[in-house]
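**Student:** Here is my input; please provide its structure:
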Amino acid sequence: MYEIVKAINMKKHKHHIIPKHVGGTDEPSNIVELTITEHAEEHRRLWEEYGRIEDKIAWDMLSGRKMSEEDRILLAKSGYSKWRNDPNAVAAWCNNIKLARASQVITEEHKTNIKKGMLRAWSEGKMCHRVMNSDKCREIYYKNDMGNRLAAARQKSEIWHNSVTSEEYRNKKRDADPRRKKIVVDGVEYPSIRAAAKATSYSYSQLRIQALNLSKK
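**Tutor:** Sure thing, here's the model as predicted:
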């Protein structure tokens with residue numbers, strides 16, 4: 001519909017002058033309104049100047065390009081590294097775990113079962129001690145053929161089968177996917193967002209983001 005196209009061209013984004021991934025705040029003085037094109041260009045400049053993967057991902061998404069699998073891995077590693085090196089974040093996480101465990105009632109039978117499970121996991125290579133490096137953990141994993149064993153266990157699991165491969169689940173997931181819903185662009189109806197992106201000058205990401213925003217209203 002025309003409103004979608006108009007919203008894409010007119011929509012304003014709130015851009016953090018100092019990005020939040022490097023400590024920027026939501027203070028009004030740190031926020032500026034930009035168009036989608038301007039926003040993408042700003043993150044491109046930040047990426048080329050500082051080399052932070054978060055800015056590259058933002059640039060790709062705002063420009064309608066897809067992230068690569070390598071980008072996703074680098075982004076996850078960057079986020080974990082920042083969390084791990086932030087003593088306040090780690091302390092808050094540990095405190096949340098302590099609060100959750102404080103309300104739990106763990107019986108002696110439960111403790112015994114936990115111990116047996118951990119010993120079995122250790123002997124089968126499913127668990128590595130924290131002092132081991134990644135190469136040692138990988139060695140134990142492959143030595144015990146864990147990849148094939150886990151795949152075989154999933155195939156035997158009725159719960160896994162019903163939640164991932166059942167026709168009912170796939171149909172429900174497909175029907176709920178906004179990408180498969182009909183969309184009208186410039187007065188022309190298309191069977192899906194992907195079809196509209198192929199037939200028009202608008203990128204798939206632009207149409208999908210706007211469709212998601214309209215569905216939330």
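**Student:** Taking the chain centroid, which residue in the chain is the extreme one?
**Tutor:** In terms of distance from the mean C-alpha position of the chain, E108 ranks first, at 38.2 Å (C-alpha atoms, centre = their mean).
**Student:** pLDDT value on that one, please?
**Tutor:** Note on E108: pLDDT of 85.
**Student:** Tell me the spacing between it and Q206.
**Tutor:** E108 sits 59 Å away from Q206, going by C-beta to C-beta, to the nearest Å. Yep, even glycine has a C-beta here, placed from its N, CA and C like the rest.
**Student:** Now R138: which helix or strand?
**Tutor:** Following DSSP states H and E, one finds R138 within helix 134-143.
**Student:** elements contacting that helix?
**Tutor:** Helices and strands touching helix 134-143, as assessed by 3 or more C-beta pairs under 8 Å, 6 or more residues apart in numbering; DSSP states H and E, are absent.
**Student:** taking the mean pLDDT, what do you get for the helix or strand that it is followed by?
**Tutor:** Counting by DSSP H and E, the next helix or strand C-terminal to helix 134-143 is helix 146-156. The average pLDDT within helix 146-156 is 82.
**Student:** Following helix 146-156 in sequence, what is the next regular element?
**Tutor:** helix 158-164.
**Student:** Put the alpha carbons of the helix or strand that comes right after that following helix into CSV.
**Tutor:** Counting by DSSP H and E, the next helix or strand C-terminal to helix 158-164 is helix 167-176. Once non-C-alpha atoms are left out, helix 167-176 reads as follows in CSV (Å, rounded to 0.1, in the frame of the first residue of the first chain):
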residue,chain,number,x,y,z
GLU,A,167,3.2,-30.7,9.8
GLU,A,168,1.0,-28.9,12.3
TYR,A,169,4.0,-27.0,13.7
ARG,A,170,5.3,-26.1,10.3
ASN,A,171,2.0,-24.9,9.1
LYS,A,172,1.5,-22.8,12.2
LYS,A,173,5.0,-21.3,11.9
ARG,A,174,4.4,-20.6,8.2
ASP,A,175,1.0,-18.9,8.7
ALA,A,176,2.5,-16.7,11.5
